[in-house]
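*Asks:* Just need the structure, nothing else, for what follows:
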Amino acid sequence: MRNTAPVRVTDDAGIRVIAIDRPQHRNAVDREAAQALYEVFLDFETTKDLHIAVLTGADGTFCAGADLKAVAQGDPNEVTQHRSAEIGDTLGPMGPTRLRLSKPVIAAIEGFAVAGGLELAIWADLRVAASDAVLGVFCRRWGVPLIDGGTFRLPRLIGSGRAMDLILTGREVGAVEAHEIGLVDRLAEPGGALDAAVALAASIRAHPQGCLRADRMSALQQWGESEQEALSAEVRRGSQVLAAAAEGATRFSQRRT
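*Replies:* Numbers count the residues shown, from 1 in each chain. Sure, this is the predicted structure:
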């Protein structure tokens, strides 16, 4: 994958590390960066030997949101209605945030993950944050709405009351509190979020991927489904990987013997 100016990409052992590279703007995402992130994640989705992505930011900041200076200069990020559930169908204002990938993504957070940067972080499946990182709906302070998944992903992730607290107040949330309320999944030492996220990615990569992806997609798509619909979808996806599950059961039995 060729690096583009606002995004750096490194592939190793089935893991793609994607770094927003606009440190002079605290890695705020402008139109060009949004397009680059979108394309990099589409490429990740379709590259067979890549299994997990880690999203981070250069020089100690995850992402300060959309680039409001570009907006003020008349070059805002693209805002379109979501057209369908097909992969790659709709570019989000922050880039990939309207995609539903078949593979997991981990956010490695140093510094600020605020406004649209928070929306990027909660789009990921898991979040690893340095203990001194800061999260929050800072766009509240400037009259900028959440338009890239924040209003439904936050309540689903941390509950309605806690999400409303963040949405209404726009307050700063330290990483330790974020971990306590479920907004962050793992804490790392300052400066160590990326290494910890890559180590976590490697541990996930070690599992059989077909089974993992089937269960992940069932968990993602159960929102809005009835219990019967969710059960049916779970069985449908699971049945497609049962042969591999039988092989795994055999390996487990032999190991125990």
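*Asks:* buried residues in stretch 184-195?
*Replies:* Neighbour-count burial for stretch 184-195 flags 184-188, 192-194 (criterion: 16 or more other C-beta atoms under 10 Å). Backbone N, C-alpha and C define where each C-beta goes, glycine included.
*Asks:* Where do the helices of this structure begin and end?
*Replies:* Assigned by DSSP state H, the helices in the chain fall at 31-46, 68-72, 116-123, 150-158, 160-169, 175-180, 193-205, 209-221, 227-239, 242-256.
*Asks:* Highest mean neighbour count out of these?
*Replies:* Comparing these by mean neighbour count (mean count of other C-beta atoms under 10 Å), helix 116-123 comes out on top with a mean of 28.
*Asks:* how much does it deviate in direction from helix 160-169?
*Replies:* Between helix 116-123 and helix 160-169, the angle comes out at 160 degrees (axes from the mean of the first three to the mean of the last three C-alpha atoms, to 10 degrees).
*Asks:* contacting residues around helix 116-123?
*Replies:* Helix 116-123 has contacts (C-beta atoms under 8 Å, 6 or more residues apart in numbering) with 27-29, 55, 57, 62-66, 93-97, 105, 107, 109, 113, 127, 135-137, 139, 146, 148-150, 153-154, 157, 183.
*Asks:* between the buried residues of stretch 184-195, which is nearest Met217?
*Replies:* Among the buried residues of stretch 184-195, Asp185 lies closest to Met217 (C-beta to C-beta), at 18.9 Å.
*Asks:* Once you drop chain neighbours, what's closest to that closest one?
*Replies:* Leu126 (4.8 Å; C-beta to C-beta, 6 or more residues apart in numbering).
*Asks:* partner residues bridging the one you found?
*Replies:* Under DSSP bridges, the beta-bridge partners of Leu126 are Ile106.
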